[in-house]
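**Q** need a structure here:
(one chain, ligands or ions: 1)
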Amino acid sequence: MKATAMKAADLPALRDALLGAMRAMGEARLNVGTAGNASVRLDEPRPDADGHGRAPHMLITPSGLPVPRCTADDMVIVDADGRPLGALAPSSEWLLHRDLYAAFPAAGAILHAHAPFATALACQRLDIPPFHYMIARFGGPTIRCAPYATFGTQALSDAAVAALHERNACLLANHGMVVFGRDLSHALALAIEFETLCEQYWRTLQLGTPVLLSETEMAEVIERFRWYGKPRGAGTDSDH
Ligand SMILES: [Zn+2]
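**A** Next up, the predicted model:
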């Protein structure tokens, strides 16, 4: 499914929504201080001379400003080269956000967090195996951990793009997590769900090696999740 691109006329509402998502991440204890960032896609990708999808413009949180001091006007519009249209610098992870929008047409909003349990697993460089069926919410039987690379670099962006193949969330080794959704509220719900799963896996590991679901069992769950959001579907946000 393709994300709905936002038009410039929606900008004031989007600025509010983006700041709201950052505040919600703080309230859900996914981020503290200046850690983490969030963005929303502004334009449809356009083909360039090479025939590749051109990275779209986006609205992204500013660099180095603690969320409690941010206003909606501090959210930064950047062009496809990361140049801000305004005085404030974009998040140091703008490259990661830009490349994810270019790689994943379904991404309408992206959240990055140093959430405690996700980060604990990321520091162990652990892929999350199918210890719980809800892993399938993120696109497959595992959630991958991208190899370590310095924050803000092309190497980190490349590692995340690879780890997100056929997924909508991944861990970033020795760093945190990244999640995308069709819009900000979807991405926020997924981020909270992801951190909850990370906590559950962390707790499970305290008791020893978990019993994992089989490939067949996970394939069945993934198939049922295809009905997600459909009126007469097999699952909704709240009933499983
Ligand atoms: Zn980070």
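**Q** and stretch 67-83, which residues are buried?
**A** 67, 70, 74-78, 80, 82 (16 or more other CB atoms under 10 Å). Where you see a C-beta, it was placed from the backbone N, CA and C, and this is true even at glycine.
**Q** please enumerate the strands of the chain.
**A** 37-41, 46-47, 53-54, 58-60, 76-78, 109-113, 145-146, 169-172, 176-181 (DSSP state E).
**Q** any idea how far the residue most central in space within the chain lies from residue 214?
**A** Computing the C-alpha centroid of the chain and ranking residues by CA atoms, centre = their mean puts residue 179 first, at 1.6 Å. Between residue 179 and residue 214 the computed distance is 26 Å (CB to CB, to the nearest Å).
**Q** run a quick neighbour tally on residue 219.
**A** Counted by other CB atoms under 10 Å, the residues lying close to residue 219 total 14.
**Q** repeat for the one 4 residues further on
**A** Residues near residue 223, counting by other CB under 10 Å, number 11.
**Q** looking at it now. What's its pLDDT?
**A** Reading off the confidence values, residue 223 has pLDDT 90.
**Q** against residue 216, how distant is it?
**A** Taken as CB to CB, the span from residue 223 to residue 216 is 11 Å.
**Q** over to residue 140?
**A** 14 Å.
**Q** so between these two, which is more surrounded?
**A** residue 140 (16 against 7).
**Q** from what I see, the more buried one and residue 168 are in contact.
**A** No: using CB atoms under 8 Å, residue 140 is not in contact with residue 168, being 9.7 Å away.
**Q** how far is stretch 129-137 from where the chain is centred?
**A** With CA atoms, centre = their mean, to the nearest Å as the basis, stretch 129-137 stands 17 Å off its chain's centre.
**Q** and that stretch, average pLDDT?
**A** 97.
**Q** can you list the weak-confidence ranges in the chain?
**A** 1-9, 44-56, 228-240 (pLDDT under 70).
**Q** and the longest helix along it, what does it pack against?
**A** Taking DSSP state H as the criterion, the chain has its longest helix at helix 184-206. Where contact means 3 or more CB pairs under 8 Å, 6 or more residues apart in numbering; DSSP states H and E, helix 184-206 is packed against helix 11-27, strand 37-41, strand 109-113, helix 116-123, strand 169-172, strand 176-181.
**Q** ok, the residue nearest to residue 129 when sequence neighbours are not counted - how many residues close by?
**A** In this structure, residue 129 finds its nearest non-sequential neighbour in residue 212, 5.2 Å apart by CB to CB, 6 or more residues apart in numbering. Residue 212: 15 surrounding residues under other CB under 10 Å.
**Q** list the residues that contact residue 212.
**A** 129-131 (CB atoms under 8 Å, 6 or more residues apart in numbering).
**Q** top of the residues you listed by neighbour count?
**A** Busiest of those [other CB under 10 Å] is residue 130, holding 20 neighbours.
**Q** ok, it touching residue 141?
**A** Yes: using CB under 8 Å, residue 130 makes contact with residue 141 at a distance of 4.8 Å.
**Q** what bridges to the nearest residue to residue 138 once chain neighbours are set aside?
**A** Residue nearest to residue 138 in three dimensions, not counting chain neighbours: residue 169, with 4.5 Å by CB to CB, 6+ apart. Residue 169 forms beta bridges with residue 179, as assigned by DSSP bridges.
**Q** residue 169 and residue 112: what is the separation?
**A** Relative to residue 112, and taking CB to CB, residue 169 is found at 11 Å.
**Q** who touches both of the two?
**A** With CB under 8 Å, 6+ apart, residue 169 and residue 112 have common neighbours 177-179.
**Q** from residue 223, how far off is the residue nearest to the centre of the chain?
**A** Distance from residue 179 to residue 223, by CB to CB: 22 Å.
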